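Chemist: Output the structure for:
(one chain, ligands or ions: 1)
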Amino acid sequence: MSAAVGTVAVVGAGAAGAVTAVRLLERASGRLEVLLIDPVPGHGRGVAYATADPRHRLNTPAGQMSASADDPLDFVRWLGGQAGPGDYVPRAQFGAYLADFLDRTVNRGGSASLRRIHARVVGLRAGRTGASVRLAHGGAIEADAVVLAIGSFPASTMGIAERLRESARFVADPWAPGAVAAVRETGDVLLVGTGLTMIDMALSLERPGRVVHAVSRHGLLPRAHSNTPAEPVDPPDFAGLVGLSSVRRAVLRHVGARVRADGDWRAAIDALRPLVPTLWAGMPIADRLRFLTQDRRLWDVHRHRMPATTAAEVDALRVSGRLVVHAGEITDAARVADGLRVTLSDGASLRVAAVVNCTGVHEYVGRVSDPLVDELVATGGARPGPLGLGFDTAPDGRILPADGRRVPVWTLGSPRRGTLWETTAFPEIRKQARDIAASVLAAGQQPITDSEEFEPWRHPDRTRDGRRRQHPLWTAGSPSG
Ligand SMILES: Cc1cc2nc3c(=O)[nH]c(=O)nc-3n(C[C@H](O)[C@H](O)[C@H](O)COP(=O)(O)OP(=O)(O)OC[C@H]3O[C@@H](n4cnc5c(N)ncnc54)[C@H](O)[C@@H]3O)c2cc1C
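Modeler: Reported below is the predicted structural model:
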C-alpha cells in the first residue's frame, strides 16, 4: 500500500472492526480510505452489544472497557455519571458508546476517511500487494490491505439430535435478530449449555409461572465477580514453564498463595490473562488438546465471570425453582401438542415450549458453513489455526495462507483463538486493533522481501503421506457451553 493514498477494507463492523477502523483513521499520515463492510447496521455493536435487554450486562467493569487504549476512563466519562469504573453496565450502553466512538473519530476529519458498506463479504483473493473482496450482492472491492474482523461463528448444533434441530421450536442461534422474541410467552423452556449465553437467555426468558431448565454435561455455571474487587496482583513469573502438567501445578500454587493471603482467587486468575498467549504458544499441540478436553470448563467458569448483581438474580431464580440446572445430556426429544417432550440423562422428562441452543459461539473453521471462511480455507487463502481453531496467524496478526506467502490480510479477536487462546474479550481486542492498524500502515511503506515468507502448511488432519488422521476435537460434540 502506498503511504500517501490507499484503501483498507475492514470486513466486519462489530467491536473489533469499529476499533480497528478508528485506529487506522487516527494513525494515517497520508490519504487513506477505510471501508467498513458489514451487512448488519449499527456499527460497533456486533453480536455481543446489539442486545437491547438491560439485564444483559458487560462481564467486565466499565473502567476496563474504554475503546481508547490511551484514555482508560473514556467509557466511564461517556456514561456521564450513570456508572463508575467498577460497575457492570448493560451491554447495550457499551454498543451505543462504540458506535459513538467511531462517529466522533469520523467527525473530527483528517486526511483519512471512512466509507460504510452494508454488504456480506463472500470471497477474498489476496496477492502480495493487494486483495479483492467479493460481495454477496455482486461486485468486488479492490483494497491494498484487508482486516478480517468477522468475530466468532454462531453456536454449533452438531451435538444436538437431528429431530430436535429440525423442530420449529428449536432456536439454533439465540443471538440471531428476533430469535428470542419468537419464543412463546407461556410454557417452560430448555436451554442447552450453562455458560454466559445461558445466563443471558434465562434472564430474558424467565416469566412468572415458567420453569427455565438448563442442561450441560457438567452443569457448571460461570462464577460471579466479587462485590468488592480485590487489588490487582502482578502476573506470576512462569518463565521457562513447558507442558500442561507444569503449568497446572504453577497455576494451583499461584492461586493457592492468593487464597491464603486474602481469601479470594479472582485477582490471581485475572493476573494470568496476559501470560496466556505465551503459555499457549509454548505448549505442545497434544497438551493444548488435553487442556481443551480436561481443563477448559474449569478455566472458562473462573475466567469468564458474571457480575455479582447478575449472579444474585440467577440465585434468586434457582432458589424459587424457576431456574433448574441439570448435569447431563439430552437423550430423547419428541413433538407433543404445544411443544416438545425432552428426556435428559439425569432422568428428567420435560415438556417445553422451546429449546434454545446456548452452547456459545464457536471458532472451529472446519465446522462452520460460511462462504467467506469456506472459500479462504478451500483456496488456501487462509489455513486453520492450531487444532482447527480460527485461522493461523503471524505474531502481527497477519493471516497465513497455506503456501506461506506474505499477503496483506490481517485478523483479530476470535479468529486468532488457535494461536493466542486469550483473544476474545474486548480489552485484548482493543490492543490487537492498535497493533494491527500500525502494522497495516507500516506495511505500505516497506518493500516485501522473500525472507519474510512463512513456512508452507501441512494439514494437521493428514499424515505426511496424505492419509486422513482422526481429529478428536472435530469429531466430538460442541466444545463450548
Ligand atoms: C453474548 C456475548 C457477550 C459478551 N460480553 C463481553 C463483555 O461483557 N466484555 C468483553 O470484554 N467481551 C465480551 N464478549 C466478547 C466479545 O467477543 C468481544 O468483546 C467483541 O464484541 C467481539 O467483537 P468482534 O467484532 O470481534 O465480533 P462480533 O461482535 O461477532 O462482530 C463481527 C461482525 O462481523 C460481521 N461479519 C461476519 N462475517 C462477515 C462477512 N463475511 N462479511 C461482512 N461482515 C461480516 C458480523 O455481521 C458482525 O457484525 C461477549 C461476547 C458475546 C458473544
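
Chemist: Can you give me the neighbour number for residue 319?
Modeler: For residue 319, the tally of surrounding residues (other Cβ atoms under 10 Å) stands at 9. Every residue, glycine included, has its C-beta placed from N, CA and C.

Chemist: now it: how far from the ligand?
Modeler: 25 Å (Cβ to the nearest ligand atom, to the nearest Å).

Chemist: Quick one: the helices in the stretch 51-200 of the chain, in order.
Modeler: Assigned by DSSP state H, counting those that start in this stretch, the helices in the stretch 51-200 of the chain fall at 74-78, 91-107, 162-165, 196-205.

Chemist: Could you list every helix and strand that the second one packs against?
Modeler: Judged by 3 or more Cβ pairs under 8 Å, 6 or more residues apart in numbering; DSSP states H and E, helix 91-107 is in contact with helix 15-27, helix 74-78, strand 112-117.

Chemist: Keeping just the C-alphas, turn it into CSV.
Modeler: C-alpha atoms of helix 91-107 as CSV (Å, rounded to 0.1, in the frame of the first residue of the first chain):
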residue,chain,number,x,y,z
ARG,A,91,-24.1,-4.2,27.1
ALA,A,92,-26.5,-2.1,25.0
GLN,A,93,-24.8,1.0,26.6
PHE,A,94,-21.4,-0.2,25.5
GLY,A,95,-22.7,-0.8,22.0
ALA,A,96,-24.0,2.8,21.8
TYR,A,97,-20.7,4.0,23.1
LEU,A,98,-18.7,2.1,20.5
ALA,A,99,-20.9,3.5,17.7
ASP,A,100,-20.4,7.0,19.1
PHE,A,101,-16.7,6.5,19.4
LEU,A,102,-16.5,5.7,15.7
ASP,A,103,-18.7,8.6,14.8
ARG,A,104,-16.6,11.0,16.9
THR,A,105,-13.5,9.9,15.1
VAL,A,106,-15.0,10.3,11.7
ASN,A,107,-16.4,13.8,12.6
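
Chemist: That helix vs strand 112-117, what angle?
Modeler: 130 degrees (axes from the mean of the first three to the mean of the last three Cα atoms, to 10 degrees).

Chemist: List the contacts of the residue nearest to residue 98 when sequence neighbours are not counted.
Modeler: With Cβ to Cβ, 6 or more residues apart in numbering as the criterion, residue 98 has its nearest non-adjacent residue at 3.1 Å, and that residue is residue 44. By Cβ atoms under 8 Å, 6 or more residues apart in numbering, the contact list for residue 44 reads 13-15, 18, 95, 97-102.

Chemist: averaged over its residues, what pLDDT does stretch 155-164 have?
Modeler: Averaging pLDDT along stretch 155-164 gives 80.

Chemist: got the end-to-end distance for that stretch?
Modeler: Stretch 155-164 has an end-to-end distance of 15 Å (Cα to Cα, to the nearest Å).

Chemist: With stretch 147-164 instead?
Modeler: Stretch 147-164: ends 37 Å apart by Cα to Cα.

Chemist: Provide the strand pairings for the helix or strand residue 33 falls within, with the direction of each partner.
Modeler: Element membership for residue 33, per DSSP states H and E: strand 31-37. Here strand 31-37 is paired, per DSSP bridges, with strand 5-11 (parallel), strand 112-117 (parallel).

Chemist: Enumerate every residue touching whichever residue of the stretch 201-350 of the chain sits closest to the ligand.
Modeler: Taking Cβ to the nearest ligand atom as the measure, the point where the stretch 201-350 of the chain comes nearest the ligand is residue 304, at 8.3 Å. By Cβ under 8 Å, 6+ apart, the residues touching residue 304 are 59, 195-196, 222.

Chemist: hmm, try it at 6 Å
Modeler: Neighbouring residues of residue 304 by Cβ atoms under 6 Å, 6 or more residues apart in numbering: 196, 222.

Chemist: mind putting the strands paired with strand 31-37 in TSV, distance to the ligand included?
Modeler: As requested, the strands paired with strand 31-37 are exported to TSV (distance: least, Cβ to the nearest ligand atom, whole Å):
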stretch	distance to the ligand
strand 5-11	5
strand 112-117	9
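
Chemist: Tabulate the helices and strands packed on helix 91-107 (CSV), appending distance to residue 246.
Modeler: Formatted as CSV, the helices and strands packed on helix 91-107 follow (distance: least, Cβ to Cβ, whole Å):
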stretch, distance to residue 246
helix 15-27, 33
helix 74-78, 38
strand 112-117, 47
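
Chemist: out of the ones you listed, deepest packed?
Modeler: helix 15-27 (a mean of 26; mean count of other Cβ atoms under 10 Å).

Chemist: For it, name the packing helices and strands.
Modeler: Taking 3 or more Cβ pairs under 6 Å, 6 or more residues apart in numbering; DSSP states H and E as contact, the helices and strands that helix 15-27 lies on are strand 5-11, strand 31-37, helix 91-107, helix 426-443.

Chemist: The longest one and the ligand in contact?
Modeler: So that's helix 426-443. Yes. Helix 426-443 reaches the ligand (Cβ under 6 Å from any ligand atom) through 426, 429.

Chemist: and that helix, what does it pack onto?
Modeler: Using 3+ Cβ pairs under 6 Å, 6+ apart, helix 426-443 sits against helix 15-27.
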